[in-house]
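Trainee: Quick one: sequence plus predicted model below, questions after.
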Number of protein chains: 2
Amino acid sequence: MQQETGRRSNRDRTEATRADLIRAARKLFTEKSYAETGTPEIVAEAGVTRGALYHHFADKQALFAAVVEQEAAAVAAEIDHASPPSLSAREALIAGSDAYLKAMRAPGRTRLLLLDGPAVLGRAAMDEIDNRHGNRSLREGLVAAMRAQAVTRLPAEALTALLAAAFDRAALAIEAGASAADYRAVLIALMDGLSPAPPPSKRPAPSR
Amino acid sequence: MQQETGRRSNRDRTEATRADLIRAARKLFTEKSYAETGTPEIVAEAGVTRGALYHHFADKQALFAAVVEQEAAAVAAEIDHASPPSLSAREALIAGSDAYLKAMRAPGRTRLLLLDGPAVLGRAAMDEIDNRHGNRSLREGLVAAMRAQAVTRLPAEALTALLAAAFDRAALAIEAGASAADYRAVLIALMDGLSPAPPPSKRPAPSR
DNA sequence: CAATAACATACAGGCTGCATGTATGCAACA
DNA sequence: TGTTGCATACATGCAGCCTGTATGTTATTG
């Protein structure tokens, strides 16, 4: 309560230290990779010692999981933020796709969430995280579209997972320099292909 | 030419040692993961020393790349082997999908090719490998289908990449215990959705 | 003022890559 | 055809780094 480095509640100390560690780890994990980033480097960046790290996290992997969790939540927040509630099912899905692809342009996010994440934590753990954050919007959108019969009836779980996989690969390809318009067109074609009725119109997509 | 351990040409020695190392590494990389497998363990399994490993491969990652290369070729071979040449475009794609999902059931293959591979070698390197082996059949099949107007005209590169991503995720989900029939149905629906005309019939898929 | 949380420090074990040493195959030449 | 010199195929040892844990110290809390 008094000066900066003076008396601090234990809860505040923990919260601040954890936040510093996650911030530092996020920076390094996105600049380099999980494997190339050592804990000495992380704690140096965070301004603490390895003792603090291993006091708050079980191991390096647990810290990584915390970073992934936070980053997945950030992506989900960006998507929710950018999709106004009153749109047709189709337009809502397209808006969500665009928001996702845009969010994934943050440097290093694709490696963190799409490459290192699955490899370090496993696909199952990543699915669990995605379902809690990002994929929820997608799955709910798809289920809503299916209810509205804009999408043929299919196993929701599988459909969500496979479309999400396509989104992920698109994000990776775009970051690698591929044509965003091409990938966007194919993504929309894939989603439109699921509707029994033909898509409403056929105006060319904005380049994005 | 004489006894087993006796005089051997240098070329034969190199070939045999490299093969032993790749075989041992493949076994361990599929049983455990890339990160959890150390070079001492690999060379013990192969019956050589670490000196031999670092003589034939630049580093652990290069050995891993050789394993991935070989495994990707094996998958591609299984697919080519299982797809008779005279099928309709649609049926050829379905047969290829089934062959791929079946091939990916080999223990540890999904982790090797779909998790560790992209993380360790990068998506770009994996794309390069895939395009040389597995994806070639898929892309050629799709291009052929597009030529036959069974598939709407779309950027071939992007379409191939996104469908391949869906296949990959399906393989991962199935290995994790998800319903293979569900994922197969969605994969077929995604591909059928690309055709302007409705799919020929609607018999239920064999459970596989 | 005790007990516990939040660190800091020191240590053990393992792993990677390289440098150096050694033996074997090979090729040319006498 | 023998041997002489070099390149290849390893084996061994070393240096540096990293992870996880155990132990010590300081600040908080009840």
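Mentor: Good, I have the coordinates. Numbering: from 1, shown residues only, chains lettered A, B, ... in the order given.

Trainee: three-state assignment of the residue nearest in space to the middle of chain A?
Mentor: If you average the C-alpha coordinates of chain A and look for the closest C-alpha using CA atoms, centre = their mean, you land on residue A:72, 3.7 Å from that point. Recorded secondary structure, residue A:72: helix (DSSP: H, G, I helix; E, B strand; the rest coil).

Trainee: ok, now which ones touch residue A:144?
Mentor: Shown in contact with residue A:144 (CB atoms under 8 Å, 6 or more residues apart in numbering or on different chains): A:89, A:92. C-beta: built from backbone N, CA, C; applies to glycine.

Trainee: give me the element it is part of.
Mentor: Secondary structure from DSSP states H and E places residue A:144 in helix A:134-147.

Trainee: Equivalent analysis for residue A:105, please.
Mentor: Under the criterion of DSSP H and E, residue A:105 resides outside all helices and strands.

Trainee: Tell me, how many residues neighbour it?
Mentor: Residues within reach of residue A:105, counting by other CB atoms under 10 Å in any protein chain shown, total 12.

Trainee: Same question for residue A:124.
Mentor: As a burial measure, residue A:124 scores 13 neighbours (other CB under 10 Å).

Trainee: can you count the residues close to residue A:88?
Mentor: Other residues within reach of residue A:88, judged by other CB under 10 Å, total 12.

Trainee: Repeat that for residue A:196.
Mentor: 11.

Trainee: which SS state does it fall under?
Mentor: For residue A:196, the assignment made with three-state DSSP gives coil.

Trainee: was I right about it contacting residue A:146?
Mentor: No. Taking contacts as CB atoms under 8 Å, residue A:196 lies outside contact range of residue A:146: 10.9 Å.

Trainee: show me the residues around the residue in chain A that chain B sits nearest to that make contact.
Mentor: Taking CB to the nearest CB, chain B has its nearest neighbour within chain A at residue A:193, 2.2 Å off. Contacts for residue A:193 (CB under 8 Å, 6+ apart) come out as B:189-190, B:192-194.

Trainee: now the helix or strand of chain A with the lowest mean pLDDT, how far from the centre of its chain.
Mentor: Evaluated with mean pLDDT, DSSP states H and E, the helix-and-strand set of chain A has its lowest mean pLDDT in helix A:134-147, which scores a mean of 81. Shown here is helix A:134-147, whose average C-alpha point lies 16 Å from the average C-alpha point of the whole chain (CA atoms, centre = their mean, to the nearest Å).

Trainee: what's the answer for stretch A:77-94, then?
Mentor: Once both centres are worked out by CA atoms, centre = their mean, stretch A:77-94 turns out to sit 16 Å from its chain's centre.

Trainee: what does stretch A:55-72 give?
Mentor: Going by CA atoms, centre = their mean, where stretch A:55-72 is centred and where its chain is centred differ by 15 Å.

Trainee: cool, and stretch A:188-196?
Mentor: Averaged over its C-alpha atoms, stretch A:188-196 has a centre that lies 23 Å from its chain's centre (CA atoms, centre = their mean).

Trainee: can you tell me the average pLDDT over it?
Mentor: What stretch A:188-196 shows for mean pLDDT is 88.

Trainee: got the phi/psi numbers for residue A:151?
Mentor: The phi and psi values for residue A:151, taken as degrees, to the nearest 10, are phi -130, psi 130.

Trainee: Show me what from chain A comes close to DNA strand D.
Mentor: A:6-11, A:37-41, A:50-51, A:54, A:58-61 (CB under 7 Å from any atom of the strand).

Trainee: Kindly identify which of the residues you listed also come near DNA strand C.
Mentor: Applying CB under 7 Å from any atom of the strand to the residues of chain A next to DNA strand D, those adjacent to DNA strand C are A:10-11, A:50-51, A:54.

Trainee: Columns secondary structure and neighbour count on top of the residues you listed, output as CSV?
Mentor: Below are these laid out as CSV (DSSP: H, G, I helix; E, B strand; the rest coil; neighbours: other CB atoms under 10 Å in any protein chain shown):
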residue, secondary structure, neighbour count
A:10, helix, 7
A:11, helix, 8
A:50, helix, 13
A:51, helix, 9
A:54, helix, 15
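
Trainee: Pick out the most distant pair among those residues.
Mentor: Put simply, by CB to CB the two of these set farthest apart are A:11 and A:50, 22.4 Å from each other.

Trainee: tell me the helices in chain A, going along the chain?
Mentor: A:10-31, A:39-46, A:50-56, A:60-81, A:89-103, A:109-110, A:117-121, A:123-132, A:134-147, A:156-175, A:180-193 (DSSP state H).

Trainee: okay, now the nearest residue to the residue nearest to the centre of chain A once chain neighbours are set aside: neighbour count?
Mentor: With sequence-adjacent residues excluded and distances taken as CB to CB, 6 or more residues apart in numbering or on different chains, residue A:72 is closest to residue A:133, at 4.4 Å. Burial measure for residue A:133: 19 neighbouring residues, criterion other CB under 10 Å.

Trainee: just to revisit the earlier point, between residue A:196 and residue A:146, what contacts are shared?
Mentor: Common neighbours of residue A:196 and residue A:146, using CB under 8 Å, 6+ apart, are residue A:152.

Trainee: export the helices of chain A to TSV and tack on distance to residue B:170?
Mentor: Rendered in TSV, the data for the helices of chain A read as follows (distance: least, CB to CB, whole Å):
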stretch	distance to residue B:170
helix A:10-31	28
helix A:39-46	36
helix A:50-56	38
helix A:60-81	22
helix A:89-103	20
helix A:109-110	21
helix A:117-121	15
helix A:123-132	12
helix A:134-147	15
helix A:156-175	6
helix A:180-193	14
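
Trainee: among those helices, which is nearest residue B:76?
Mentor: That would be, of the helices of chain A and by CB to CB, helix A:156-175, which comes in at 18.9 Å.

Trainee: Show me what that closest one is packed up against.
Mentor: For helix A:156-175, the elements it packs on are helix A:89-103, helix A:109-110, helix A:134-147, helix A:180-193, helix B:156-175, helix B:180-193, judged by 3 or more CB pairs under 8 Å, 6 or more residues apart in numbering or on different chains; DSSP states H and E.
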